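1. got a structure for you, letters missing:
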């Protein structure tokens, strides 16, 4: 095939031509999808909606204005809900995992929950929809509500994180300070029990401290020789002398006393701070609240099944189209009229539609599929109808096609003998020969159908006449030509219905020369001088002589007979014979010096539009000349 660029019409032609592959693929994938989805457990869906309110202070607004943070907060929260921290706590709360479980198990459970949970922001609002799916409706409802609850807790936990940190620090400091104060008070109690003068030493030390403070204050105003300064120094000296009489334990007691006082003040201050921190933490309000809690779903969702079947149908169509183009690419037959004329180098004389499809035009869809997979055997009445379509249905599209071929042949006195052949068997050459002969007869020309296929003759059987005597008997000298030729009277006495012979114009000028006895050496008879004389004789008696012959590539009969006639017409059925076989048949015919008039494309289906020079013409003919109810075939 020539490598021309495919047009849109070519793609549509391939799809229509291979529609059975596409339909079969579609049905297979739909069936598989239905089988797969029917075995699945029902899926229930529960939905909870939560609202997020962002409460901001003036300081927070200023901070947000100064510090730019990219990203959509709502989209961030949508991701956080399905995040690992939230769903891990959900798993713990539902009892799906425990804290002591291995990390691998926790990740597995959280991953399964993530596949069951979907989150979506509702439009441009600050509402998020949390959807949970499960085979159990109660589990779906519980899971959706639990996720919402845990998310609210996590949101509040993150919001109170700073206040909670301060409170925990103060509580820790209070615990440490309380222990230290308790130890100091225990030591003071012990000292008091061991020493009697502990209290006196404490008072002396306190008075000594006061005097030293006064001395420092006076030295700021007076000199060392000022009477008040001298008096204070004397009192300090006397107290120091007195303190020397006390033990070191007394001094330690005074120090502990001071430490206890300081710790008491610190403890009281921290207790006050702790209450403030608790109040601050309690004032925090969650930013997330539930709008609509999930309720128990009554019926399972069917969208998954419908979606699965829909996806299966789409895949079936796509795979079918791919297989159709693969089949078209692997098809070695010729695709269009342009391809035929370009590759073979011969004109296309005409295109004959599928007569069988016209006969069975009212078949159901499933019957068409069945017949495509398992082609039915054509009975004798149908086969006769196909070969005599010009007689049975002269206004049908097929009959008009044969008449168009008759016109394109342009016969004259120098072109009367025509050989009809094909490259391979079963391409419809006998139907072409008979219907073309009937078309010439209808035009008023004396037409002879010459059964030169001495191996598988069909003319006598088609017209319901005796095959003897015939061509073989004439060539062997057993009978004369006039005795072997059958006319209308012989057809009337045959198997065909009387009214058809009488009423059909195509039967009035047609004669048949049947095969006769099947010879053992057909090539010898065809190449004999008697055959040449017989052709000359019929040429003088008839206006048109159509010769039937075996396929070119099957036997040598056609190559022997073709040079003896004026021209040859090759019948070619699309899809049955490869282009290489057609080219080889044409080469063999030309090698023996044959003039080939052209090619007739046979058994073309209605969807193969590109085989017609004017595609719309065939559509018009097919509708206008379609087979009506009560066709002649049904009556026969």
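-> That came through, no problem. Being a predicted model, the structure only gives us computed values, none of them experimental.

2. how about low-confidence regions in the stretch 101-250 of the chain?
-> 160-162, 191-205, 220, 242-250 (pLDDT under 70).

3. go on, the stretch 301-450 of the chain?
-> In the stretch 301-450 of the chain (pLDDT under 70), the answer is 302-305, 328, 330-337, 339, 356-379.

4. show me where it has helices.
-> With DSSP state H, counting those that start in this stretch as the criterion, the stretch 301-450 of the chain has helices at 303-330, 337-344, 355-359, 365-373, 380-387, 389-392, 397-409, 429-442.

5. how long is stretch 504-511 from one end to the other?
-> 14 Å (Cα to Cα, to the nearest Å).

6. can I get the helices of the stretch 301-450 of the chain in JSON lines including mean neighbour count and distance to residue 229?
-> In this view, the C-beta of every residue, glycine as well, is placed from N, C-alpha and C. Below are the helices of the stretch 301-450 of the chain laid out as JSON lines (neighbours: other Cβ atoms under 10 Å; distance: least, Cβ to Cβ, whole Å):
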{"stretch": "helix 303-330", "mean neighbour count": "15", "distance to residue 229": "101"}
{"stretch": "helix 337-344", "mean neighbour count": "17", "distance to residue 229": "132"}
{"stretch": "helix 355-359", "mean neighbour count": "21", "distance to residue 229": "138"}
{"stretch": "helix 365-373", "mean neighbour count": "12", "distance to residue 229": "128"}
{"stretch": "helix 380-387", "mean neighbour count": "18", "distance to residue 229": "148"}
{"stretch": "helix 389-392", "mean neighbour count": "26", "distance to residue 229": "150"}
{"stretch": "helix 397-409", "mean neighbour count": "21", "distance to residue 229": "143"}
{"stretch": "helix 429-442", "mean neighbour count": "27", "distance to residue 229": "150"}
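
7. distance to residue 545 for those - can I get that in JSON lines?
-> Shown next, in JSON lines, are those (distance: least, Cβ to Cβ, whole Å):
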{"stretch": "helix 303-330", "distance to residue 545": "40"}
{"stretch": "helix 337-344", "distance to residue 545": "25"}
{"stretch": "helix 355-359", "distance to residue 545": "24"}
{"stretch": "helix 365-373", "distance to residue 545": "37"}
{"stretch": "helix 380-387", "distance to residue 545": "18"}
{"stretch": "helix 389-392", "distance to residue 545": "18"}
{"stretch": "helix 397-409", "distance to residue 545": "13"}
{"stretch": "helix 429-442", "distance to residue 545": "9"}
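
8. for residue 591, find the nearest of those helices.
-> helix 337-344 (14.9 Å; Cβ to Cβ).

9. ok, the residue lying closest to residue 548 once chain neighbours are set aside - contacts?
-> Nearest non-adjacent residue to residue 548, counting by Cβ to Cβ, 6 or more residues apart in numbering: residue 453, 4.5 Å away. Contacts for residue 453 (Cβ atoms under 8 Å, 6 or more residues apart in numbering) come out as 430, 515, 548, 549, 550, 557.

10. how does it look with 6 Å?
-> By Cβ atoms under 6 Å, 6 or more residues apart in numbering, the residues touching residue 453 are 548, 549, 550.

11. what's the closest of these to residue 522?
-> Out of the contacts of residue 453, the member with the shortest distance to residue 522 (by Cβ to Cβ) is residue 550, at 8.4 Å.

12. for the nearest residue in space to residue 80 that is not next to it in sequence, the count of nearby residues, please.
-> Among residues not flanking residue 80 along the chain, residue 86 sits closest, at 6.6 Å (Cβ to Cβ, 6+ apart). Number of residues near residue 86 (other Cβ atoms under 10 Å) recorded here: 20.

13. and residue 86, how far from residue 264?
-> 46 Å (Cβ to Cβ, to the nearest Å).

14. ok, now which ones touch residue 591?
-> No residues are in contact with residue 591 under the rule Cβ under 6 Å, 6+ apart.

15. is residue 585 within a helix or a strand, and which one?
-> Using DSSP states H and E, residue 585 sits within helix 579-591.

16. residues of that helix that come out buried?
-> Buried residues in helix 579-591, defined by neighbour count with 16 or more other Cβ atoms under 10 Å: 579, 581, 582, 585, 586, 588, 589.

17. now stretch 181-194
-> Neighbour-count burial for stretch 181-194 [16+ other Cβ under 10 Å]: 181, 184, 185, 187, 188, 191.

18. same thing with stretch 560-570?
-> Applying 16+ other Cβ under 10 Å to stretch 560-570 flags 560, 561, 562, 564, 565, 566, 567, 568, 569, 570 as buried.
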